[in-house]
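Trainee: what's the 3D shape of this:
(2 chains)
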Amino acid sequence: MEIFSSFWPWYVTGPLIGLYVPALYLLVNRHFGISSTLRDICAACIRPSARYFKYDWKAQRWRLVFVAGIAIGGFVSGGTLATAPQGQVSAHTLSVLSSLGVKDFSSMIPADLFSWGSLLTLRGSLLIAGGGFLVGFGTRYAEGCTSGHSIHGIATFQRASVIATLCFFLGGLISTYLLLPFILKL
Amino acid sequence: MVYFIVMLLGMFFGMILTNGEVTSWFRIQEMFRFDSFHMYGVIGSAIAVGAISMLLVKKLGVRSMQGEPVVIETKKLGKGTAIGGIIFGIGWALTGACPGPLYALAGCGYPAYFIALLSAVGGTLVYGLVRDRLPR
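Mentor: Residues are numbered from 1 along each chain as shown, chains lettered A, B, ... in the order given. Predicted coordinates:
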């Protein structure tokens, strides 16, 4: 069972993810994508009166089952891997992050930035709640995320998805080089 | 039965994301700093395998489990694709997670990511409320 308690290389991870594109078409004849579930959750649990949320989310119930499964899968793997040290991450990245103020490198998520305590700080709430908000707002505005656009969209040769992906990266670069150094000092 | 398989596929996906370090905040930083091939390898090979398998599906005329022909869903290109894309990208680098990993990390038990996921739902809620006023 060691294979489940170790990190997998990109050439195993990537192809397995790629297989989800045909798998979901063959199983439910719908495209692989995750961000639409954020809309489903709003429609199902909050039921806002805006037109955007008035659609037959129940017909796509399989998506909510899918992401519930993702959470369970994270639980299964996370238990063993959550505290694995990050020695395989580039030394350059780690040293730059250290100079920007990141202190905890003992697991895949820096505990000094992402914890209950950090939520009470401006820095933590910007990273966690601010960042999360932008993910939810932006993916729906773009009508897709890295799964729907970058993987499914590009694999099916869609121009909109190539553009979306380039913009995802542009946003990430703006954040990494301009926003993060500033936020980490708060 | 289909729902059971979907649940299993979802579980396996959560494991792939975690074991493949797609959920690692550090790996995402590393990606945006171009310090390693790892994430590019993951995304690139995912696209390649997705593309090849879909071409095979089309060529062989494979049908869905319900017997229907596979219909590829197309994405519309609009101003939102770019503006929304940049907004999402900004959030992606801050949280280190895109939507899939948000679910996986919440499942891992990180309290911060429960909040990040809730905030993402909040972001979608606000988008839905203001979208008529946004350039699209």
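
Trainee: so, in contact with chain A or not, stretch B:76-83?
Mentor: Yes: applying CB under 8 Å from any CB of the partner chain, one finds that stretch B:76-83 is in contact with chain A at B:Lys76, B:Leu77, B:Gly78, B:Gly80, B:Thr81, B:Ala82, B:Ile83. Glycine gets a C-beta too; all of them are placed from N, C-alpha and C.

Trainee: who wins on neighbours among those residues?
Mentor: Among the residues of stretch B:76-83 next to chain A, B:Thr81 has the most neighbours (other CB atoms under 10 Å in any protein chain shown), with 26 neighbours.

Trainee: please, which helix or strand holds the spatially most distant residue from the centre of chain A?
Mentor: Within chain A, the residue lying farthest from the chain centre (CA atoms, centre = their mean) is A:Ser49, at 27.5 Å. Per DSSP states H and E: A:Ser49 is located in neither a helix nor a strand.

Trainee: is stretch A:82-100 in proximity to chain B?
Mentor: Yes: Stretch A:82-100 reaches chain B (CB under 8 Å from any CB) through A:Ala82, A:Gln86, A:Gln88, A:Val89, A:Ser90, A:His92, A:Thr93, A:Leu94, A:Val96, A:Leu97.

Trainee: end to end, how far does that stretch reach?
Mentor: 23 Å (CA to CA, to the nearest Å).

Trainee: centre of the chain to it, how far?
Mentor: Put simply, stretch A:82-100 sits 19 Å off its chain's centre (CA atoms, centre = their mean, to the nearest Å).

Trainee: contacts for that stretch, please.
Mentor: A:7, A:105-110, A:180-181, A:184-185, B:21, B:24, B:26-27, B:29-30, B:33, B:35-36, B:108-110 (CB atoms under 8 Å, 6 or more residues apart in numbering or on different chains).

Trainee: among the residues of stretch A:82-100 next to chain B, name the buried ones.
Mentor: Buried positions within those, assessed by neighbour count (16 or more other CB atoms under 10 Å in any protein chain shown), are A:Ala82, A:Gln86, A:Val89, A:Ser90, A:Thr93, A:Leu94, A:Val96, A:Leu97.
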